[in-house]
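K.L.:
quick one: sequence and predicted model below, then my questions.
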Amino acid sequence: MDATVVIRLALEVISDRLITILALITTCGLAAYTLWAGDWTRVATLAIYAVFAYLTVTVKEKRNDTRQETSAST
């Protein structure tokens, strides 16, 4: 393997993990804000945000998994 391929793969893994960690941290922050002064609009906002944040992470992880499978097969 070329050095640039290894560096590119490492950056993709780091960016995936960073996106996952940011989604977790921001969801926890929004949950704390919702629990601080509970209101149905805040609960709905938290639910919608959590679903879309983790859907984004899941889609990115699936896209990178298919890239890794195609590069491994070649």
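P.N.:
Yep, that arrived.

K.L.:
what's the closest non-adjacent residue to residue 43?
P.N.:
Leaving aside its chain neighbours, residue 43 sits nearest to residue 34 (5.8 Å; criterion: C-beta to C-beta, 6 or more residues apart in numbering). Bear in mind the C-beta positions are built from the backbone N, C-alpha and C, glycine included.

K.L.:
quick one: the one you found and residue 44 touch, right?
P.N.:
No. Using C-beta atoms under 8 Å, residue 34 is not in contact with residue 44, being 9.5 Å away.

K.L.:
of the two, which one has the most company?
P.N.:
Legend: neighbour count by other C-beta atoms under 10 Å for residue 34 and residue 44, higher for residue 34 (18 against 11).

K.L.:
how near is the more buried one to residue 16?
P.N.:
Here residue 34 is placed at a distance of 27 Å from residue 16 (C-beta to C-beta, to the nearest Å).

K.L.:
which elements pack onto the host helix or strand of the residue nearest to residue 43?
P.N.:
Using DSSP states H and E, residue 34 maps to helix 3-36. Applying 3 or more C-beta pairs under 8 Å, 6 or more residues apart in numbering; DSSP states H and E, one finds that helix 3-36 contacts helix 40-73.

K.L.:
buried stuff in the helix it packs on?
P.N.:
Buried residues in helix 40-73, defined by neighbour count with 16 or more other C-beta atoms under 10 Å: 42, 46, 49-50, 53, 57.

K.L.:
now do stretch 8-16
P.N.:
residue 16.

K.L.:
give me the distance from it to the chain's centre.
P.N.:
Mean-position distance between stretch 8-16 and its chain equals 13 Å (C-alpha atoms, centre = their mean, to the nearest Å).

K.L.:
what mean pLDDT does that stretch have?
P.N.:
Across stretch 8-16, pLDDT averages out at 76.

K.L.:
got it, and stretch 24-32?
P.N.:
Per-residue pLDDT values over stretch 24-32 give a mean of 91.

K.L.:
got the contact list for that stretch?
P.N.:
Under the criterion C-beta atoms under 8 Å, 6 or more residues apart in numbering, residues 45-46, 49-50, 53-54 lie in contact with stretch 24-32.

K.L.:
which one of these is nearest residue 22?
P.N.:
Nearest to residue 22 among the contacts of stretch 24-32, counting by C-beta to C-beta, is residue 53 at 8.5 Å.
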